[in-house]
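Colleague: everything below, folded, please.
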Amino acid sequence: MLYARNDANIRVEQICSIPTRDILWLRVNGILIINFYRHEGNPEPLDYLLYKQEVPEKCLVAGDFNAYRCFWQPGVRSARYGTAIAEWAAHNGLGLLNAPGKATHVRGNSIDLAFANIPAADALIEDHLFTGSDNFTISITFPGGALLPARTARPRLSSEEKTKGFEELARAGVVELPRPAAGSRHVQVARQGLRQAVRRAKRRFWQRILEGAESNQDVYKVMRWSRRPSPFRAPPIQVGGAVYETQTEKADALRAEILERRVAADDIPDPWVPEVRASHRASTAGYASRRAHACTSTGNTSLGVDGITVRMLRRAWNHIGEAVREQYEGCLYQDYHPACFRVAGQSA
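Modeller: Below is the predicted model of the structure:
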């Protein structure tokens, strides 16, 4: 397990690269801390650490490696992937923080290791800090760095004066919002330019394909691209008690039942009438009060992701309500909603 102090100057982020209980990742103030445990019966964590784990600029790797190497325990023979671990550390620029020859286990072995690529980092084996395990405690220290920039505080309206000031800011911001006319000449010129650019790109693409066609196979690919077959097949039809599946049988049956009889009551219903979806157009007549009630009268008083409370929204609604309506109607008209609208806490 990993514990981090709850402090305003400490920013902690937990990372889970692979679903395993033998490796824990924690990013603290830009430093990646990897807590590693190697079990002899499970080689996957060690393989991931040696061959898949990327080592960033500031990284600490510590844990029970359960490996032997003369690099950290002089006088022993390399065993249990000790050579591979030493080569991995040298390749990634990780230095050993342990004091060579200092035992980390009650049996006198040095199997708990700490590697880091942080200058002036140091590790001290605290054998007097007994935790109930057969491994000793390793205390690792880093040099002090610059404090994190202070986070922007959420807006708070603690007085009527601040509330009025916020309302004035909202009014000024709405006035400065650009509102180009939908049918302006600038928009039409841009639309025409876009269509011309797309046509030129398509023309150049097909010209390049046709000029590069040198064999029958190339010609076949061009014809296959230009005439895409339909992914759907026409279902069989039933006339009377007979079922027709082939195109010839269907044509004969339709000619006999429709063209030759010429009776409108005997016509076979067309099964291929396309289903046209009615486009959504929001009706705005008579809903101004309902929109204001939906956005400013909710019982949820918790802060949104932007820190705006319902009370603040209620005070600014007289100035921003029309702009909010235009934005949402534009989204409905274009059938597209930006990501910020999808996670909105309030919506009309």
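Colleague: so where do the strands sit in the stretch 101-250 of the chain?
Modeller: 112-116, 122-126, 137-141, 237-239, 242-244 (DSSP state E, counting those that start in this stretch).
Colleague: what's the most buried one of those strands?
Modeller: Comparing the strands of the stretch 101-250 of the chain by mean neighbour count (mean count of other Cβ atoms under 10 Å), strand 112-116 ranks first with a mean of 25. Using the backbone N, CA and C atoms, a C-beta is placed for each residue, glycine as well.
Colleague: related to what we said a few turns ago, ok, which of the strands of the stretch 101-250 of the chain comes nearest Ile209?
Modeller: Judged by Cβ to Cβ, the one of these that comes nearest to Ile209 is strand 237-239, at 39.4 Å.
Colleague: chain center to that closest one: distance?
Modeller: Distance of strand 237-239 from the chain centroid (Cα atoms, centre = their mean, to the nearest Å) equals 51 Å.
Colleague: for this protein, which helix is longest?
Modeller: Assignment by DSSP state H gives helix 185-211 as the longest helix of the chain.
Colleague: distance between that helix and the chain's centre?
Modeller: Mean C-alpha position of helix 185-211 versus that of the full chain (Cα atoms, centre = their mean) differs by 33 Å.
Colleague: before we move on, what about stretch 209-221?
Modeller: The answer for stretch 209-221 is 41 Å, by Cα atoms, centre = their mean.
Colleague: start the count at 615 instead of 1 going forward.
Modeller: New numbering, starting at 615: the last item is stretch 823-835.
Colleague: how about the nearest residue to Trp702, chain neighbours excluded?
Modeller: Counting by Cβ to Cβ, 6 or more residues apart in numbering, Leu664 is the residue found nearest to Trp702 once chain neighbours are left out, at 4.7 Å.
Colleague: same question for Ala713.
Modeller: Ile739 (7.2 Å).
Colleague: correct me if wrong: the one you found contacts Thr718.
Modeller: Yes - at 6.1 Å, Ile739 counts as touching Thr718 under the criterion of Cβ atoms under 8 Å.
Colleague: mind listing the shared neighbours of these two?
Modeller: The contact sets of Ile739 and Thr718 overlap at Asn712, Phe750, Ile752 (Cβ atoms under 8 Å, 6 or more residues apart in numbering).
Colleague: what's the pLDDT at the closest residue to Ala703 other than its chain neighbours?
Modeller: Distances taken as Cβ to Cβ, 6+ apart put Phe729 closest to Ala703, at 5.1 Å, once the chain neighbours are dropped. According to the predicted model, the pLDDT of Phe729 comes to 92.
Colleague: could you do the one 3 residues further on as well?
Modeller: Per-residue confidence for Ile732 comes out at a pLDDT of 88.
Colleague: ramachandran angles for it?
Modeller: With angles defined as degrees, to the nearest 10, Ile732 sits at phi -100, psi 120.
Colleague: show me the contacts for it.
Modeller: With Cβ under 8 Å, 6+ apart, Ile732 has these contacts: Ile645, Lys672, Cys673, Leu674, Phe756, Pro757.
Colleague: and the pLDDT for the fifth one?
Modeller: The reference is to Phe756. 80.
Colleague: can you count the residues close to it?
Modeller: 16 (other Cβ atoms under 10 Å).
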